[in-house]
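Student: with the input below, show me the fold.
(one chain, ligands or ions: 1)
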Amino acid sequence: MVSPHRTKRPWQGKTEKSATTDLPEYDPSCYLCPTNERMGGEFNPSYKKPYSFINDFSALLPDVKEETYDNGLLHAESESGICKVVCFSPNHSLTLPLMSVPDITDVISLWQKEYRELGAKEGIDHVQIFENKGAIMGCSNPHPHGQIWAQNKIPQEVLKKTGNLQAYWDKHGRSILEDYLVQELKLDERIIVENEHFVALLPYWAVWPYETMILPKRKLANIGLLSESEKLSYAEILKQLTIKYDNIFNTSFPYSAGIHQAPTDGREHPEWHFHMSFYPPLLRSATVKKFMVGYEMFANPQRDITAEQAAENMKSLSDVHYSQLDATK
Ligand SMILES: [Zn+2]
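Tutor: Residues are numbered from 1 along each chain as shown. Predicted structure coming up:
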């Protein structure tokens, strides 16, 4: 449901600037900075490139005894897995949009390595790579980092996606996202950025005001299949899209972003077309978020700004980060 009349005020292209938080490059109290002690008592190495380690507070643990519980209508199964933390950079003050393209490429290389290695492990059928950015998204540490949860069973969202991708593949012999991308490129109403191998767009079905997805033009089931030039395109579009996010409200834009890709259950998954989705909560300013409450909880998601308008807003924004624009003045 889309109700653009609710916002009344048109997009004004500029909003109040939120205070820029100047973070140090190294914070002695940060458990993700190089050489610092983590909460579990281990010390981080003096890492120079993206660095990953087993989460000291993993939600999923390996070697969990397989058990099931059945009691009338109630059913439960044990679940095992591995949770990791991925530090994007040794520099505490950075975020993806402020990192260089080669440094973002290194992050993608580490994601690829983790997806391959974790996915190849016995009893790991799915690898979820994601980033929660900003306190509003429940991320308490500003050090640039994301997480990976690798687990025994394929989680619900991925099962649903796999089923739908499979149904279209069986009927048409093509990936639904491949066909969707062709249509979106032709319409050019929701495209934000396009480069040689990737497209960033605001999906037709977007629920969050500035929800976006990054899609490879070639149907690739997972990030491990990217060629070197595709990896570079991916890094470039990640930087461009996240710069545009920060430029919407001149703030470090919060979001949850995740890579949806084929399960690692040993099957081939020709139906899968990997993509990265961004779910950011902000609507009106650096401090006004969209609340998914009331009607959204009980009936249906509802948008206040059309997908086309939000895409146009983002498309028209500078490719230079606002903090760097100011520095040149
Ligand atoms: Zn840090």
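Student: which ones are touching the closest residue to the ion within the stretch 151-300 of the chain?
Tutor: Across the stretch 151-300 of the chain, no residue is closer to the ion than residue 252, which sits at 14.7 Å (Cβ to the ion). Any C-beta I mention is one placed from the backbone N, CA and C, and that applies to glycine too. Contacts of residue 252 were listed using Cβ atoms under 8 Å, 6 or more residues apart in numbering, and they are 21, 95, 133-134, 246.
Student: let's see that with 10 Å instead.
Tutor: Going by Cβ atoms under 10 Å, 6 or more residues apart in numbering, residue 252 touches 18, 20-21, 23, 95, 97-98, 133-134, 142, 242, 245-246, 286, 323.
Student: those residues in helices, which ones?
Tutor: 242, 245-246, 323 (DSSP state H).
Student: ok, so of those residues, who is nearest residue 42?
Tutor: Each of those was checked against residue 42 using Cβ to Cβ; the closest is residue 242, at 29.9 Å.
Student: so what's that closest one up against?
Tutor: Contacts of residue 242 (Cβ under 10 Å, 6+ apart): 95-99, 104, 133, 200, 212, 252-253, 255, 257, 278, 321.
Student: what about 6 Å?
Tutor: 96-97 (Cβ atoms under 6 Å, 6 or more residues apart in numbering).
Student: spatially central residue for the chain, please.
Tutor: Nearest to the mean C-alpha position of the chain, counting by Cα atoms, centre = their mean, stands residue 257 at 1.8 Å.
Student: what kind of secondary structure is it in?
Tutor: The three-state label given to residue 257 by DSSP: H, G, I helix; E, B strand; the rest coil is strand.
Student: check contacts around it.
Tutor: Applying Cβ under 6 Å, 6+ apart, the residues near residue 257 are 131, 278.
Student: now swap in the one 10 residues further on and tell me
Tutor: Shown in contact with residue 267 (Cβ under 6 Å, 6+ apart): no residues.
Student: secondary structure class for it?
Tutor: Quick answer, by three-state DSSP: residue 267 is coil.
Student: of the ones in helices among the contacts of residue 252 - the most surrounded one?
Tutor: residue 245 (27 neighbours; other Cβ atoms under 10 Å).
Student: name the SS class of the residue lying closest to residue 102 once chain neighbours are set aside, please.
Tutor: Leaving aside its sequence neighbours, residue 102 sits nearest to residue 235 (Cβ to Cβ, 6 or more residues apart in numbering; 7.7 Å). What three-state DSSP gives for residue 235 is helix.
Student: can you give me every residue that contacts residue 235?
Tutor: 101, 104-105, 108.
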